[in-house]
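Novice: Have a look at this prediction, sequence included:
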Amino acid sequence: MNIALLFVLAATAAVVFATTGVWLGRHFMRGRVDKGHHEVLATLFQTGGTLHAVFLAFLVVAVWESYNAAHANVADEASALTTLYRESAGMESGMGKELRRLIRDYTDAVVRDEWRIQAETGGASPKARAAGLAIISQIQSDRNRRTLAAEASLPPIMWFAAIGSGAIVLSMSFFLFMEQAAPQMIVTSIMTSTVALLLCIAFVLSHPFAGPMALNPEPFKHAIEVYDSVDATP
């Protein structure tokens, strides 16, 4: 799904949730609000909002760091392969040729086979695993980290806490009355949309190899271009 469409759908759902909630809150609470209602509820709302904001900030930062680490690991793995391929040119003819063949086989397996599997299932390619076993341990270590990043995602309890706490806090705002309904619906919709978009960002970043912001195998494709240039050098 296109990321812009995802955000539009999330914001639309948030606006519907906010406007409906405000309307219901004003409808059912009209005439039932006593003196001091706003003072008590506003304090509770502020406390709940602060707690949710801290949790949401932690969630977004955590998934961003994980996404950024996966991106850096992909670049490191491709860079290590390129360096090893260049250095193999200085080896004894037969050994260097065999190492270059193994590196090419591994890179091709990552680009053509493993990347698709990681995007679809978060798994790994047996073909890439077999090709990688014959290469140095550093490449294997980088591949293992990439595979773990493809499999990793936030546990369901984290999403339950993020969405549940947000819904509870936002629902509390439905019972804070403004003189006119329209301004209250607008400001509540803005707040709800902001929370929804932040949750969407966290969801997208929590899957670094799938979705609208999925990492691509360009570093490995560039590595293949370097292989070709090394092989073309007399």
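Specialist: Okay, I see it.

Novice: what about the chain, any weak spots by pLDDT?
Specialist: For the chain, the stretches with pLDDT under 70 are 1, 31-38, 132-138, 152, 234.

Novice: Mind doing that once more with 80?
Specialist: Within the chain, the ranges that satisfy pLDDT under 80 run 1-2, 28-42, 89-93, 122-125, 127-141, 148, 150-154, 176-179, 233-234.

Novice: right, and the helix or strand after the helix or strand where Thr107 lies?
Specialist: Taking DSSP states H and E as the criterion, Thr107 maps to helix 93-109. Using DSSP H and E, the next helix or strand after helix 93-109 towards the C-terminus is helix 115-120.

Novice: and that following helix, what does it pack onto?
Specialist: In terms of contacts (3 or more CB pairs under 8 Å, 6 or more residues apart in numbering; DSSP states H and E), helix 115-120 is packed against helix 137-151. All C-beta spots, glycine's among them, are computed from the backbone N, C-alpha and C.

Novice: OK, contacts around the residue sitting nearest the centre point of the chain?
Specialist: Centroid-nearest residue in the chain, with CA atoms, centre = their mean: Leu205, separated by 1.1 Å. By CB atoms under 8 Å, 6 or more residues apart in numbering, the contact list for Leu205 reads 60, 63-64, 66-67, 213.

Novice: How much space separates it from Leu198?
Specialist: Here Leu205 is placed at a distance of 11 Å from Leu198 (CB to CB, to the nearest Å).

Novice: Pull up the overlap in contacts between these two.
Specialist: Shared contacts of Leu205 and Leu198 (CB under 8 Å, 6+ apart): Val60.

Novice: correct me, but Leu44 touches Phe175?
Specialist: No - using CB atoms under 8 Å, Leu44 is not in contact with Phe175; the gap is 10.1 Å.

Novice: So for the two, which residue has more residues nearby?
Specialist: Using other CB atoms under 10 Å as the criterion, Leu44 and Phe175 rank with Phe175 on top: 19 against 11.

Novice: Could you report the neighbour count for the nearest residue to the more buried one once chain neighbours are set aside?
Specialist: Leaving aside its chain neighbours, Phe175 sits nearest to Gly25 (4.9 Å; criterion: CB to CB, 6 or more residues apart in numbering). Residues near Gly25, counting by other CB under 10 Å, number 20.

Novice: change the start of the numbering to 47 and stick with it
Specialist: Got it, the first residue is 47 from now on, which makes the last one we talked about Gly71.

Novice: buried residues in stretch 169-180?
Specialist: 170-171, 173-175, 177-178 (16 or more other CB atoms under 10 Å).

Novice: so of these, which ones are in helices?
Specialist: Among the buried residues of stretch 169-180, DSSP state H puts 173-175, 177-178 in helices.

Novice: then whichever strand or helix holds Ser217 to PDB, C-alphas only?
Specialist: Here Ser217 sits within helix 202-219, counting by DSSP H and E. Extracted as PDB, the C-alpha positions of helix 202-219 are listed here (Å, rounded to 0.1, in the frame of the first residue of the first chain):
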ATOM      1  CA  PRO A 202       1.300  -7.700  19.900                       C
ATOM      2  CA  ILE A 203       1.200  -6.500  23.500                       C
ATOM      3  CA  MET A 204       3.000  -3.300  22.600                       C
ATOM      4  CA  TRP A 205       0.500  -2.500  19.800                       C
ATOM      5  CA  PHE A 206      -2.400  -3.300  22.200                       C
ATOM      6  CA  ALA A 207      -0.900  -0.900  24.800                       C
ATOM      7  CA  ALA A 208      -0.300   1.800  22.200                       C
ATOM      8  CA  ILE A 209      -3.700   1.700  20.600                       C
ATOM      9  CA  GLY A 210      -5.600   0.900  23.700                       C
ATOM     10  CA  SER A 211      -4.100   3.700  25.800                       C
ATOM     11  CA  GLY A 212      -4.500   6.100  22.900                       C
ATOM     12  CA  ALA A 213      -8.200   5.200  22.500                       C
ATOM     13  CA  ILE A 214      -8.800   5.600  26.300                       C
ATOM     14  CA  VAL A 215      -7.100   9.000  26.500                       C
ATOM     15  CA  LEU A 216      -8.800  10.300  23.400                       C
ATOM     16  CA  SER A 217     -12.200   9.100  24.600                       C
ATOM     17  CA  MET A 218     -11.700  11.200  27.700                       C
ATOM     18  CA  SER A 219     -11.600  14.300  25.600                       C
END
